[in-house]
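*Asks:* got a predicted structure here, sequence first:
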Amino acid sequence: MGRKPRDNVAGGIYHVYARGNNRALVFFDDRDRRAYLGILGDVLAEFRWCDWGTASKITFIERGDGVWDEIGTATEGKGTIPFEPGLAAEGEREIIAQYDVNGIPGPIEELDVYDAPPPPEAGEASNVKVKREGKKLTIKWGKVAEATDYGVVVQQLNGVQKSKIVPAKKRTLKVGRIDPTEAGTVAVSGIGPLGDIGTEDIATFKAIKKKPDRRIPYDQLGEGGPKL
């Protein structure tokens, strides 16, 4: 079915949109959206849509492998914007600037390049303590440098294992349903910003009941038992 030809008027305002084939997703997260705006800005720069003198806001961004972090924005004058390198592998990164006019992104300009240091790693765990009350363990440990989470593993001697990831703001955990006849160990380790695992610290807990003796006395083996 035919349709009216689109208007093509000099100086007109047009709505430009992007849509995936078969209505598939084009952008999966904000990083995809920012990358698209950067490409759009480069196109606008090529066609001289605007220049730095007309910018209403400039956004400074750290760009690298796995990094696209906004450092800060400026609207006028001179100044300094301190920042911490984004959490990613060490290596070369760029400081770029993107300006916009009334909310419409302009081109991206590369300002400088620097070598980012390696990311912080989780330190060594310490002071792990375990208190047992019946079938429940209460576990506490000391703060681990650079840890964003803690990994806690409870290992019983019968092979049963329980593990838990605990947020960094907590340094205590209660674990239930521990066999009272079983002893075991508790290992705590810090987890760093990029998922690295620091050196663990281990504490032990004891059984509070004896295991039942399931052995059958020789004189109860019956006629089928061995003869001496």
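*Replies:* Looks like it came in fine. Numbering: from 1, shown residues only.
*Asks:* tell me where this protein has helices.
*Replies:* 30-46 (DSSP state H).
*Asks:* now do the strands in it.
*Replies:* Taking DSSP state E as the criterion, the chain contains strands spanning 57-64, 67-74, 91-101, 104-116, 129-133, 136-140, 149-156, 161-167, 172-175, 184-191, 201-205.
*Asks:* what's the closest of those strands to residue 34?
*Replies:* Between residue 34 and the strands of the chain, the tightest spacing by Cβ to Cβ is seen for strand 67-74, at 5.9 Å. The way it works is simple: take the backbone N, C-alpha and C, and place the C-beta from them, glycine included.
*Asks:* residues in contact with that closest one?
*Replies:* 31, 34-35, 57-62, 81, 83, 85-86, 88, 93, 95, 116 (Cβ atoms under 8 Å, 6 or more residues apart in numbering).
*Asks:* out of the residues you listed, which are buried?
*Replies:* 34, 57-62, 85-86, 88, 93, 95, 116 (16 or more other Cβ atoms under 10 Å).
*Asks:* break the protein down into its structural domains.
*Replies:* The chain breaks down into these domains under automatic domain parsing: 21-116, 129-205.
*Asks:* got a list of what residue 140 touches?
*Replies:* 127, 128, 129, 131, 171, 172.
*Asks:* show me what the last one is bridged to.
*Replies:* Translated: residue 172. residue 140 (DSSP bridges).
*Asks:* before we move on, what about the third one?
*Replies:* According to DSSP bridges, the partner residues bridging residue 129 are residue 140.
*Asks:* tell me which residues touch it, please.
*Replies:* Taking Cβ under 8 Å, 6+ apart as the test, what residue 129 contacts is 139, 140, 141, 203.
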